[in-house]
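Visitor: okay, predicted coordinates and the sequence, questions at the end:
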Amino acid sequence: MADAFLSFAVQKLGDFLIQQISLRKNLRKEIEWLRNELLFIQSFLKDAEQKQYGDHRVQQWVFEINSIANDAVAILETYSFEAGKGASRVKACACICRKEKKFYNVSKEIQSLKQQIMDISRKRETYGITNINSNAREGPSNQSAMVRTLRRTTSYVDDQDYIFVGLQDVVQTLLAQLLKEEPRRSVVSIYGMGGLGKTTLARNLYRSPNIVSSFPTRAWICVSQEYNAMDILKTTIKSIQGRTKETLQLLETMTEGDLEFHLRDLLKERKYLVVVDDVWQREAWESLKRAFPDGKNGSKVIITTRKEDVAERADNRGFVHKLRFLSKEESWDLFCRKLLDVRAMVPAMESLAKDMVEKCRGLPLAIVVLSGLLSHRGGVVDKWQEVKDHLWKNIMKDKSIEISCILSLSYNDLSTVLKQCFLYFGIFPEDQVLKAENIIRLWMAEGFVPNGDERMEDVAEGFLNELIRRSLVQVVDTFWEKVSDCRVHDLLRDLAIQKALEVNFFDIYHPRKHSKSASCIRLAIHSQGERYHSLDLSNLKFRSIMFFDPHFRNVFQHIDVFRHIYVLYLHIKYGGVIPDAIGNLYHLKFLSLRGIDDLPSSIGNLKNLQTLVVNEADYTFQLPCKTADLINLRHLVAQYSEPLVHISKLTNLQVLKGVGCDQWKDVDPVDLVNLRELGMDYIKKSYSLNNISSLKNLNTLTLVCKNYDESFPSLEFVNCCEKLQKLWLDGRIEKLPLFPNSITMMVLENSELTEDPMPILGMLPNLRNLELDEAYEGKEIMCSDNSFSQLEFFSLYDLENLETWHLGTSAMPLIKGLRICRCRKLKEIPLRMKDVKCI
């Protein structure tokens, strides 16, 4: 892991020498010396990282290298910014004086680093650290090749069913309990050790079409070990009632008793299903169950827990299921399903694998991680033997493999860049479901993703898919054939935190310890953030600060602590104020804010900003016109209320979501040559959307009308978007347009079409995924012969008048997934569709 820090520092030093052409000769020599010395030290890191786990002195040596690398980057970035400011000033003499002072300060700081490096070199010899990495080190060319390989081999494959090998009978048993006709509210409890698949099983039940149609109101709650009852109640209310500004502000004024009463009032007339995931103490469920009323309408609660007593006592008349381990045959089946290429497994490899799988003792998490590890060891028997030899050294007395050993071995098998990406998951609160696009943007801002020939977003997506293939990251949800939400298992999060602490990758503030790490460059505050500010925060050099404490208001009390940061992730109490001083955080590349009413105009100073996310999917706010000065902005996701003047200046923009039709109508988008994704709300029939056709690289388009009685204007422009692949239209469509042949995914929602849309949609040659949701008011649909030639997934929701579905014998030849919900008048589905998997 230290290699990642050092590689980043060496790259920055090299870039600095290229960019600062007029650098003083002596200072240039100092920086060249520093770069070369760090490059030399890098060749010893592999041996050091292998030895550090048995020798705390070597661990400290690696730790000191991390600190030097981080300090070097911070010094250069601060100098570059200050020198740039000085060059633009009019008063030459003052400028020279300031530059001379800056030269002196940088030189002085580098001298300090030189002394530390000399000390490190002496310790290297003392500790016997040798150069075993000179030929195998991930240099720029090797890393580039690795990136290309990952991009080529890691397209995401949906494999959610793999975890249910051998558990189909359990799913049917629990479904029967949940759908049982009984008036009282009852609890279904699932318990078992970590890694058995309790959460995955609960999620499978939660999404079952029978459950979706039987329970109009559903909510998912994660409790975890350290829970806050008020936050859980607020989350549940928001998931049921929505996240309007009025609701959010109301919730902030409520006591815990008020929240309980409000939730009971919301649910009392509804038939609901609530999943309470990962309950550790009986007290947690006792404090929540009062908010779930018994309306005598068959409502249900699912509880998952590792504790038998929690499961048994959740409901005296409830149903309790202990999740079992997989049998020997089921374990092998699961291993083979997860293996990337089963056909390449020769008999010798199969024998090795069966021995290892047997020692996993039927624990699904251990099996899938082992399969992911061996998949990436290639079809070489010796490499599989290496894995077995390593595991056999850590065999337990009962002849099974400790799961932590498998997880650690899989982590150690990752490349340097993937180690960084995996460790980053540990910084988030336990059980948190994470947006894949946010993870990707954070990795980019942190510098984990190389900026080469391919889009950084595509490379980072490849990294995420690789971690998923190795079963180190779990898929929570997919949309349009891509991962949309993900998480890490608790056991893997524990591993990430453990490994992160070893190399000082990040620090998570714990109120009970009430301490800080002086050398960490990333900080996460999960709770009681106000107490953190009472510590001495001088001389800290954070690169990332992430606040998950919604009650934390006075975030910018020590603004100097923020001066080097690349990432600011800030979710605060609603009505929070962002000060003008945020414009001084000139290194910022990622800024995510929630709970604010407006941004200061100083935001325009953040010239390095790549991602700006504000109040996503919450409520509108005022975005200053200076936002158009963010020349490096790639992702703007914000529900803003005022027109953004000169938005066409943002030529690097890749994603624009949350823009209203009022803000877009006067835009000339011809210069937005890099825009790939556009999401627009509050569309009115009176506005023209024809200028969208100027977006020549547009790949994904989401358009939402202002309200249910509003219609889209003419949509004929869509046919001119020649690269458009994904289209979502939410609102009344008076006439269905012709669509470009490039379309692969489409959602039509609230369209209120009176003419059968299938003749037009069926002719799209590349359409693979189609969803119709309250989109058609007719009684029949006709899919003629040879139509929908590439369609794989088809969903019909709330087509209340639909009675008949005609399907030609050669229509939909590739269909493999079908979902039909709340189409109550549909008499039957075509015979050929009855064997298609329900999704």
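Guide: Received, thanks.

Visitor: tell me the contacts of the nearest residue to Asn719 once chain neighbours are set aside?
Guide: The shortest distance from Asn719 to any non-neighbouring residue, by C-beta to C-beta, 6 or more residues apart in numbering, is to Leu738 (4.7 Å). Placement of C-beta: from N, CA and C, glycine included. Applying C-beta atoms under 8 Å, 6 or more residues apart in numbering, we find Leu738 in contact with Glu716, Val718, Asn719, Ile760.

Visitor: helix, strand or coil for Leu738?
Guide: The three-state label given to Leu738 by DSSP: H, G, I helix; E, B strand; the rest coil is coil.

Visitor: phi first, then psi, for it.
Guide: phi -80, psi 140 (degrees, to the nearest 10).

Visitor: partner residues bridging the spatially closest residue to Ala436 that is not a sequence neighbour?
Guide: Once flanking residues are discounted, Ala436 sits nearest to Val483: 4.6 Å by C-beta to C-beta, 6+ apart. Taking DSSP bridges as the rule, Val483 bridges to Thr478.

Visitor: contacts only, for Val483.
Guide: Neighbour list for Val483: Tyr156, Ala436, Leu464, Asn465, Ile468, Val475, Asp477 [criterion: C-beta under 8 Å, 6+ apart].

Visitor: in this protein, what secondary structure element scores lowest on mean pLDDT?
Guide: Least confident helix or strand, the chain: helix 140-153 with a mean of 48, by mean pLDDT, DSSP states H and E.

Visitor: after that one, which helix or strand is next?
Guide: Counting by DSSP states H and E, the next helix or strand C-terminal to helix 140-153 is helix 168-178.

Visitor: what does that following helix rub up against?
Guide: Residues outside helix 168-178 that contact it (C-beta under 8 Å, 6+ apart) are 164, 188, 190, 201, 204-205, 208, 210-211, 214, 273, 300, 302, 319, 321, 323-324.

Visitor: pLDDT score for the residue nearest to Asn719?
Guide: Leu738 is assigned 93 on the pLDDT scale.

Visitor: do you know how far it is from Leu761?
Guide: Distance, Leu738 to Leu761, by C-beta to C-beta, to the nearest Å: 11 Å.

Visitor: before we move on, the earlier item: which of the contacts of Val483 fall within strands?
Guide: With strands taken from DSSP state E, the overlap with the contacts of Val483 comprises Val475, Asp477.

Visitor: out of the contacts of Val483, flag the one nearest to Gln115.
Guide: Nearest to Gln115 among the contacts of Val483: Leu464, at 40.6 Å, using C-beta to C-beta.

Visitor: how much space between the closest one and Val667?
Guide: For Leu464 relative to Val667 (C-beta to C-beta), the value is 32 Å.

Visitor: these two - which one has more neighbours?
Guide: Leu464 (24 against 19; other C-beta atoms under 10 Å).

Visitor: mind listing what that one touches?
Guide: For Leu464, counting by C-beta under 8 Å, 6+ apart, the contacting residues are Cys421, Ala436, Ile439, Ile440, Val473, Val483, Cys486.

Visitor: kindly report the same for Arg768.
Guide: For Arg768, the contact set (C-beta under 8 Å, 6+ apart) comprises Glu481, Thr744, Met745, Gln790, Leu791, Glu792, Phe793.

Visitor: wait, the third one sits on Phe739?
Guide: Read that as Met745. No: applying C-beta atoms under 8 Å, one finds Met745 not in contact with Phe739, separated by 11.5 Å.

Visitor: find the residues that touch each one of these two.
Guide: In terms of C-beta under 8 Å, 6+ apart, Met745 and Phe739 are both contacted by the residues Leu727.

Visitor: which among the contacts of Leu738 count as buried?
Guide: Of the members of the contacts of Leu738, the ones counted as buried by neighbours, 16 or more other C-beta atoms under 10 Å, are Val718.

Visitor: now, the contacts of Leu738 that are in helices?
Guide: Applying DSSP state H to these, the entries found in helices are Ile760.

Visitor: mind putting the contacts of Leu738 in TSV, distance to Leu340 and pLDDT included?
Guide: Below are the contacts of Leu738 laid out as TSV (distance: C-beta to C-beta, whole Å; pLDDT from 0 to 100):
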residue	distance to Leu340	pLDDT
Glu716	45	94
Val718	38	94
Asn719	40	93
Ile760	40	95
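
Visitor: quick revisit: for Gln790, see how far away the residue nearest to Ala436 is.
Guide: Look at Val483 and Gln790: by C-beta to C-beta, they are 22 Å apart.

Visitor: quick check: Met680 is in a helix.
Guide: No: assigned with three-state DSSP, Met680 falls outside any helix and is strand.

Visitor: isn't it right up against Val659?
Guide: Yes: if you go by C-beta under 8 Å, Met680 and Val659 touch, sitting 5.4 Å apart.

Visitor: comparing these two, which residue is more hemmed in?
Guide: Neighbour tally, Met680 and Val659, criterion other C-beta under 10 Å: the higher count belongs to Val659, 23 against 20.

Visitor: look up the residues forming beta bridges with Thr611.
Guide: Beta-bridge partners recorded for Thr611 (DSSP bridges): Phe590, His635.

Visitor: ok, Lys735 - how many residues close by?
Guide: Count around Lys735 with other C-beta under 10 Å applied: 11.

Visitor: and it, what element?
Guide: Short version: Lys735 belongs to no helix or strand, going by DSSP H and E.

Visitor: show me what the mean pLDDT comes to for stretch 695-710.
Guide: 89.

Visitor: hmm, I was thinking of stretch 604-614
Guide: On average, stretch 604-614 scores 93.

Visitor: wait, doesn't Val58 sit right on Ile129?
Guide: Yes: assessed by C-beta under 8 Å, Val58 is found in contact with Ile129 at 6.8 Å.

Visitor: of those two, which one has the most company?
Guide: Higher neighbour count among Val58 and Ile129: Ile129, with 24 against 21, using other C-beta under 10 Å.

Visitor: which of the helices or strands spans the more buried one?
Guide: Using DSSP H and E, no helix or strand contains Ile129.

Visitor: show me the domain layout of the chain.
Guide: 2-137, 167-322, 327-412 (automatic domain parsing).

Visitor: for the second one, measure first residue to last.
Guide: One end of domain 167-322 sits 12 Å from the other (C-alpha to C-alpha, to the nearest Å).

Visitor: give me the phi and psi for Tyr797.
Guide: Tyr797 adopts backbone torsions of phi -130, psi 140, taken as degrees, to the nearest 10.

Visitor: pLDDT value on the closest residue to Ala284 other than its chain neighbours, please?
Guide: Among residues not flanking Ala284 along the chain, Val223 sits closest, at 5.2 Å (C-beta to C-beta, 6+ apart). For Val223, the pLDDT comes out at 85.
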